[in-house]
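A.B. asks: Curious how this folds, go ahead:
(one chain, ligands or ions: 2)
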Amino acid sequence: MKEPFQRALGIIRKLKQHGYEAYFVGGAVRDYLLNRPLGDIDIATSALPEEVIKLFPKTIPVGLKHGTVVVLNDGIPYEVTTFRTEGTYEDYRRPESVTFVRSLREDLQRRDFTMNAIAMDDHGTLYDPFHGQRAISAKIICTVGKASERFSEDALRMMRAIRFVSQLGFALETETKQAIIEHASLLAHISVERITAEFEKLMAGPFAEKAFSLLEETGLYVYLPGLREKKEPLKKLAQYDWKALSSSMERWGFLCYLLLSDQESSAFLRLWKLPNRLMKDVQHILRILPLIRSHDDWKKEQLYEFGLDYALAAETIRSLIDMEDAYSNRQRLVALFAQLPIKSRSDLAITGKDIMGWMGRPGGPWLANILKKVEQAVIQGKVENDKERIKEWLISCNLTQEKNC
Ligand SMILES: Nc1ccn([C@@H]2O[C@H](COP(=O)(O)OP(=O)(O)OP(=O)(O)O)[C@@H](O)[C@H]2O)c(=O)n1
Ligand SMILES: [Mg+2]
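C.D. replies: Numbering: from 1, shown residues only. Ligands and ions are numbered 1, 2, ... in the order given. Here you go, the predicted structure:
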């Protein structure tokens with residue numbers, strides 16, 4: 001058994017010693033069978049939440065209504081959830097309350113996809129009543145039972161299905177795909193935050209282009225923020241190798257650049273409720289892209305002005321769009337940046353104070369103007385980044401004359 005499971009065995013064994021059933025379930029079992037890195041390890045048990053709390057010294061009651069208690073074992077948190085069915089669903093979202101059951105099979109039956117409905121006991125024996133292993137071998141994403149029921153219970157599962165396509169490269173089973181086509185509009189009941197979380201994972205998957213193609217084909221895109229009118233440009237997204245993009249900022253930047261006009265992007269990013277920092281970063285990239293696409297190569301001044309991180313992100317997107325090798329273009333940019341005599345204003349050998357002293361004038365807009373000129377001259381190699389040289393240069397250019405500031 002893999003190390004992360006080993007470390008959680010104590011929890012399962014303790015539950016069993018007290019007469020309860022307990023199993024590893026969900027994504028970790030799936031990823032273990034796929035030989036992928038394991039995420040959070042979830043445990044399902046017949047013990048009720050209060051029974052779990054009594055057994056373990058360190059617990060956090062994170063979702064008692066849903067039967068979930070976090071058990072801290074050697075400082076690592078594990079979600080321990082009571083076997084449950086989700087009872088009646090309202091509004092196509094996960095329910096407010098659940099019904100606890102004492103059978104593993106019933107618990108697995110309420111899960112979304114067969115590959116996510118496999119349980120593993122403390123000896124590594126698998127319980128797979130819905131043939132999840134078969135689906136994994138065939139690389140198929142298939143709902144447990146009737147697809148229309150699973151998607152009506154929680155419409156986010158339609159996004160999850162396509163997000164798993166992106167992460168695993170699997171295909172959607174026919175009935176599952178058909179049900180997404182028929183139930184796409186139910187996504188309107190789901191909160192933007194949950195949709196965004198899935199969409200971020202979708203964009204980051206190694207098979208994102210397959211997923212974009214499916215968003216378009218199933219019509220699910222219509223219910224994604226700001227994409228309703230973007231059927232045709234959306235098709236373009238499926239033509240690129242998204243693996244070339246390596247951060248959230250690059251992925252959102254690329255998406256906006258391909259789908260939207262300059263005026264649309266800020267409202268679009270707000271619709272997805274992205275964090276402010278990310279929105280600002282993306283908009284910065286979107287301002288850089290048209291500038292660098294109109295030139296053959298980077299200018300030193302541009303690189304200095306944008307900073308290496310943003311420049312690299314924009315260059316990665318540009319390379320992808322122009323079908324160039326992003327790796328070597330990035331390397332070139334890093335080398336060019338290394339050659340810059342200064343990387344930011346704080347690297348200048350002089351300060352505003354020096355200039356005020358030389359000119360005997362108090363600060364004002366003129367000072368920012370001169371500092372800018374000095375910065376440009378240093379970057380262009382017209383003057384060495386040295387206090388005396390800069391002073392001489394200012395005098396020789398007559399920049400110490402008020403009329404030239
Ligand atoms: N809408 C959902 C969300 C989750 N699940 C079940 O709860 C498990 C754990 O959920 P979660 O951690 O959200 O997803 P994972 O499948 O583990 O995927 P990831 O690797 O991204 O965590 C899933 O495997 C699935 O069995 C479900 O049936 N329906
Ligand atoms: Mg998980």
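
A.B. asks: element containing the residue sitting nearest the centre point of the chain?
C.D. replies: What sits nearest the mean C-alpha location of the chain, by C-alpha atoms, centre = their mean, is Glu200, with 3.8 Å. Using DSSP states H and E, Glu200 sits in helix 192-204.

A.B. asks: ok, is that helix in contact with ligand 2 or not?
C.D. replies: No: judged by C-beta under 5 Å from the ion, helix 192-204 makes no contact with ligand 2; its nearest approach is 10.9 Å. Every residue, glycine included, has its C-beta placed from N, CA and C.

A.B. asks: can you pull the contacts of Ala179?
C.D. replies: By C-beta atoms under 8 Å, 6 or more residues apart in numbering, the contact list for Ala179 reads Thr143, Ala147, Ser148, Arg150, Phe151.

A.B. asks: Please report phi then psi for Arg7.
C.D. replies: The phi and psi values for Arg7, taken as degrees, to the nearest 10, are phi -70, psi -20.

A.B. asks: wait, I meant Thr82
C.D. replies: Main-chain torsions, Thr82, degrees, to the nearest 10: phi -70, psi 140.

A.B. asks: Pull the number of nearby residues for it.
C.D. replies: Using other C-beta atoms under 10 Å, Thr82 has 24 other residues around it.

A.B. asks: isn't the residue nearest to the centre of the chain right next to Leu255, touching?
C.D. replies: No: taking C-beta atoms under 8 Å as the definition, Glu200 is not a contact partner of Leu255, at 10.9 Å.

A.B. asks: hmm, back to that, give me every residue that touches the residue nearest to the centre of the chain.
C.D. replies: By C-beta under 8 Å, 6+ apart, Glu200 lies in contact with Ser248, Arg251.

A.B. asks: Tell me which helix or strand Ser137 sits in.
C.D. replies: Here Ser137 is assigned to helix 132-138, by DSSP H and E.

A.B. asks: Give me the contacts around that helix.
C.D. replies: By C-beta under 8 Å, 6+ apart, the surrounding residues in contact with helix 132-138 are 30, 33-34, 113-118, 126, 141-142, 173.

A.B. asks: Apply 6 Å and report the result again.
C.D. replies: For helix 132-138, contacts defined as C-beta atoms under 6 Å, 6 or more residues apart in numbering pick out Leu33, Thr114, Met115, Ala117, Ile118, Cys142.

A.B. asks: How about Pro290: what's its closest non-neighbour residue?
C.D. replies: Asp262 (7.9 Å; C-beta to C-beta, 6 or more residues apart in numbering).

A.B. asks: just to revisit the earlier point, TSV please, covering the contacts of helix 132-138 and showing pLDDT, distance to ligand 1 and neighbour count.
C.D. replies: Formatted as TSV, the contacts of helix 132-138 follow (pLDDT from 0 to 100; distance: C-beta to the nearest ligand atom, whole Å; neighbours: other C-beta atoms under 10 Å):
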residue	pLDDT	distance to ligand 1	neighbour count
Leu33	98	12	17
Thr114	98	10	26
Met115	98	8	29
Ala117	98	6	27
Ile118	98	9	26
Cys142	98	13	24
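
A.B. asks: Show me which residues of the protein are close to ligand 1?
C.D. replies: Listed as neighbours of ligand 1 in the chain under the rule C-beta under 6 Å from any ligand atom: Gly26, Gly27, Gly39, Asp42, Arg111, Asp112, Asn116, Ala117, Asp154, Leu156, Arg157, Arg160.

A.B. asks: Among those residues, which one lies nearest to ligand 1?
C.D. replies: Nearest to ligand 1 among the residues of the chain next to ligand 1 is Gly27, at 2.1 Å by C-beta to the nearest ligand atom.

A.B. asks: State the pLDDT value of the closest one.
C.D. replies: If you check Gly27, the pLDDT there is 97.

A.B. asks: Now do the same contact list for Cys256.
C.D. replies: Cys256 touches Ser265, Leu286, counting by C-beta under 6 Å, 6+ apart.

A.B. asks: change it to 10 Å
C.D. replies: 226, 262, 264-266, 268-269, 282-283, 285-286, 289, 317 (C-beta atoms under 10 Å, 6 or more residues apart in numbering).

A.B. asks: Same check on Arg389?
C.D. replies: Arg389 is in contact with Ala349, Ile350, Val378, Val383, counting by C-beta under 10 Å, 6+ apart.

A.B. asks: Against ligand 1, how distant is the third one?
C.D. replies: Remark: distance between Val378 and ligand 1 (C-beta to the nearest ligand atom, to the nearest Å) = 49 Å.
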